[in-house]
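# next comes the sequence, and after it the predicted model I'd like to discuss.
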Amino acid sequence: MWPVSKTYPELNLPQLRDDYDYIIVGGGTAGAVLANRLSASGKNTVLLVERGPIADTWASRVPLLSSDFASDGSRTRKTLSTHQNSLGRPIELFTGSVLGGTSRINQMIYGRGLPAEYDAWRDAGNPGWGWEDIKPYFLKSERALYSFSADHSTKGEWCNRASEPLAFPGFPHVMEASKKVGLPQIDDINSPEHPAIGYGPLYFTRDQDQHRSSTFSAFLPRELVVQRSSRLHIVTATEAVKLTVNASLGGPSSVRCVDLKSRSSGQQRSITATREVILCAGPLSSPHLLMLSGIGPADHLNEKGIRIVKDLPSVGSNLQDHFGVSVAYEVPMSHSLVCLQKRPWVFFVEVFKYLFFGTGMLLAPVVQIVVFASSLLLSEEGMPKQTDVKKDTLPDIEIMPMAYDSTDNPEVSRGMFSFLNVLLHPQSKGTVRLSSANPSDPLIVDPQYLSNAADFAPLRASLKLTLRLHDRMVEQGYPLVDYAIPAGEDDASLDKFIRKRNRTTYHYSSTCRMGPDSGKEDGGVVNEELVVHGFDNLRVADSSVFPWVLGTHLQAPTVAVAEKCADLILTKYHRFD
């Protein structure tokens, strides 16, 4: 399917060694970080297995052109969910399938989340995961190109920066409207010293050259992989189909081998892990591999004819996502990203601006600012209550103004400006399940969006706040023409709109959640050291280990998890080096 690159030092299946100290399954957002850290000392052999290609092209580095919605889709894995009863249709779920994973195709937003959320993780039975524990791992990887405060680091590999100036006329009007309704400005959404409620600029993973700074380019650049080629091996277009386990009656079990299959040739091979196997395949594929290997809910595995190695009911359960609802308005074509598609000469001008000045629409400025609010602090009309906002007040809604139609079937024949209303702390939880014991058969993914009625109230409040922002923008003279808005502001009208104009935000998490093993679906899959319960050398390190979805964009927390996992492993095996 994909030939081995002539420029990047990847291997094919027959070229691999028989064994490695560490086998990392999944070369995505987290896996790229782990491969870098575990191979750094020169004392370990590391195999990184990725199902997708390298795909290191010019377009894959350009922020806009590399985003999934603007690309050919070759770096994206799309999974159709089950029929969602609350929505009347299935939802197409997107994850990265390329070296660097979703960090290669997303909107590059760098957000850490709030200290109180990590402290809640710690207090839920996960010692070592409070804010003061996890903060150093954000700093370790970060190279902030905009700040020299103590809240940020300039010494890491992974670049992030503010997106200035505002690219579309609607954005400054949103800023002014937010101020008019009484929201405070947040100068740095990633600093604990600033309020969590308010409006402010987002930060993006772009480097000094205005290229996408993915975990592929940051942690596995070609020069590094060439330098470490004796100890770091990367195989792409290859899937892990099963873990071979040495079961133990009296103590923890061990993973002996990982069975691999080439997606291009169909060839299979079993590779031995002399120390550990770390799953970084993501919140859909990590539980998939565990269940194929007999680690998961016993009833489900029995139904699929899979021998049970470890009964862990929570594997594949507790799936969460930030559900989004889009309100859209028509604006002049030149005020919207749609002008690139409808006016070819504009596209060529923007290419020129990007190549020669590092500016313009190819930086993907479809969203540059954000509004965070608490539904508990909004009036019945959607206006922020005139009370002091405490620093520890957590927002439960995020409003993202976008210079295009932010639904999953966008309008592209006219200029559009929209507000994506995002539910930050959903109560609904879904599942990932096997359709059969055949690794090639599709997963059954049921996010169960809006299955918990508690999710409607904050979304209603968010929609009302969006309508008030619209009102203030119109008062400023900004030309917003109704295109897709609620029919009214009563609960029935808002709920009907919520069920109709919705989408995934691609923030899947918690299917291998961290926590004590309670023997129930709401228990943990991994302990506080990310080791799968019942094993001594099998870990998971991606967004699937989040005890619950954080109220932020997930790529930065996922990298922090990978950094902490690497530290846990290196401390265990190399504490006296």
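Structure's in. What do you need?
# so for stretch 154-162, mean pLDDT?
Averaged over stretch 154-162, pLDDT sits at 95.
# would you mark the buried spots in that stretch?
156-162 (16 or more other CB atoms under 10 Å). (Each C-beta comes from the backbone N, C-alpha and C, glycine too.)
# next: stretch 134-143.
Neighbour-count burial for stretch 134-143 [16+ other CB under 10 Å]: 134-135, 137-143.
# identify all contacting residues around that stretch.
Applying CB atoms under 8 Å, 6 or more residues apart in numbering, the external contacts of stretch 134-143 come out as 33, 112, 115, 118, 152-160, 218-219, 556, 559-561, 563-564, 567.
# does Ser286 count as helix, strand or coil?
When classified by DSSP: H, G, I helix; E, B strand; the rest coil, Ser286 comes out as helix.
# which ones are touching it?
25-26, 279-280, 511-512, 540, 542, 544.
# give me the pLDDT value at the residue of the chain positioned farthest from its centre.
Distance from the C-alpha centroid of the chain peaks at Gly250, with 38.0 Å (CA atoms, centre = their mean). pLDDT recorded at Gly250 is 77.
# then Val389?
With respect to pLDDT, Val389 has a value of 61.
# same question for Phe69.
pLDDT recorded at Phe69 is 84.
# quick one: classify it as helix, strand or coil.
helix.
# what's the neighbour count on it?
Neighbour count for Phe69, taken as other CB atoms under 10 Å: 16.
# inside strands: which ones of the buried residues of stretch 134-143?
Using DSSP state E, the members of the buried residues of stretch 134-143 that fall within strands are 142-143.
# all helices for the stretch 1-150 of the chain, in order.
For the stretch 1-150 of the chain, the helices defined by DSSP state H, counting those that start in this stretch cover 29-38, 63-66, 115-123, 131-141.
# ugh, typo on my part, it should be the chain
29-38, 63-66, 115-123, 131-141, 170-180, 215-219, 222-227, 282-292, 298-303, 339-342, 344-357, 456-475, 491-500, 555-574 (DSSP state H).
# what angle separates the first one from helix 555-574?
To tie it back to what came earlier, the one meant is helix 29-38. 30 degrees (axes from the mean of the first three to the mean of the last three CA atoms, to 10 degrees).
# swap in the fourth one?
Using the same axes, to 10 degrees, the interaxial angle of helix 131-141 with respect to helix 555-574 works out to 90 degrees.
# with only the CA atoms kept, save helix 131-141 in CSV.
C-alpha atoms of helix 131-141 as CSV (Å, rounded to 0.1, in the frame of the first residue of the first chain):
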residue,chain,number,x,y,z
TRP,A,131,-1.4,19.5,38.8
GLU,A,132,2.0,19.9,40.5
ASP,A,133,2.8,16.4,39.5
ILE,A,134,1.9,16.8,35.8
LYS,A,135,3.0,20.4,35.2
PRO,A,136,6.7,19.5,34.8
TYR,A,137,5.8,17.2,31.9
PHE,A,138,4.1,20.0,30.0
LEU,A,139,7.2,22.1,30.5
LYS,A,140,9.5,19.3,29.5
SER,A,141,8.2,19.1,25.9
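# ok, which pair from the contacts of Ser286 is furthest apart?
The two members of the contacts of Ser286 with the most space between them (CB to CB) are Val25 and Thr511, at 14.9 Å.
# who's more crowded, these two?
Taking other CB under 10 Å, Val25 and Thr511 do not tie; Thr511 has more neighbours (32 against 25).
# and the more buried one, its phi and psi?
Main-chain dihedrals, Thr511, degrees, to the nearest 10: phi -80, psi -10.
# relative to Gly125, how far out is it?
Thr511 is 18 Å from Gly125, where distance means CB to CB, to the nearest Å.
# cool, and Thr76?
Between Thr76 and Gly125 the computed distance is 35 Å (CB to CB).
# more neighbours: which of those two?
Thr76 (19 against 16).
# partners of that one in the sheet?
Per DSSP bridges, the residues bridged to Thr76 are Gly96.
# what's the local residue count around Asp72?
When counting by other CB under 10 Å, one arrives at 10 neighbours for Asp72.
# of all the helices of the chain, which one is nearest Val241?
Per CB to CB, nearest to Val241 of the helices of the chain: helix 282-292, 6.7 Å.
# could you give the angle of the closest one to helix 29-38?
Put simply, helix 282-292 runs at 80 degrees to helix 29-38, going by the same axes, to 10 degrees.
# using PDB, write out every CA atom in helix 282-292.
Provided in PDB are the C-alpha atoms of helix 282-292 (Å, rounded to 0.1, in the frame of the first residue of the first chain):
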ATOM      1  CA  GLY A 282      -5.400   5.800  20.700                       C
ATOM      2  CA  PRO A 283      -8.800   5.700  22.500                       C
ATOM      3  CA  LEU A 284     -10.300   3.400  19.800                       C
ATOM      4  CA  SER A 285      -7.400   1.100  18.900                       C
ATOM      5  CA  SER A 286      -5.800   0.600  22.300                       C
ATOM      6  CA  PRO A 287      -8.900  -1.100  23.800                       C
ATOM      7  CA  HIS A 288      -9.300  -2.900  20.400                       C
ATOM      8  CA  LEU A 289      -5.900  -4.600  20.800                       C
ATOM      9  CA  LEU A 290      -6.500  -5.400  24.500                       C
ATOM     10  CA  MET A 291      -9.800  -7.200  23.700                       C
ATOM     11  CA  LEU A 292      -8.400  -9.100  20.700                       C
END
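# run the chain-centre distance for that helix.
Averaging C-alpha positions (CA atoms, centre = their mean, to the nearest Å) puts helix 282-292 16 Å from its chain's average.
# leaving out the residues flanking it, which one is nearest to Gln368?
Ser163 (4.7 Å; CB to CB, 6 or more residues apart in numbering).
# before we move on, what about Arg472?
Once flanking residues are discounted, Arg472 sits nearest to Ala177: 3.6 Å by CB to CB, 6+ apart.
# was I right to think the one you found contacts Leu469?
Yes: with contact defined as CB atoms under 8 Å, Ala177 counts as touching Leu469 (4.5 Å).
# residues in contact with Arg472?
By CB under 8 Å, 6+ apart, Arg472 lies in contact with 176-177, 180-181.
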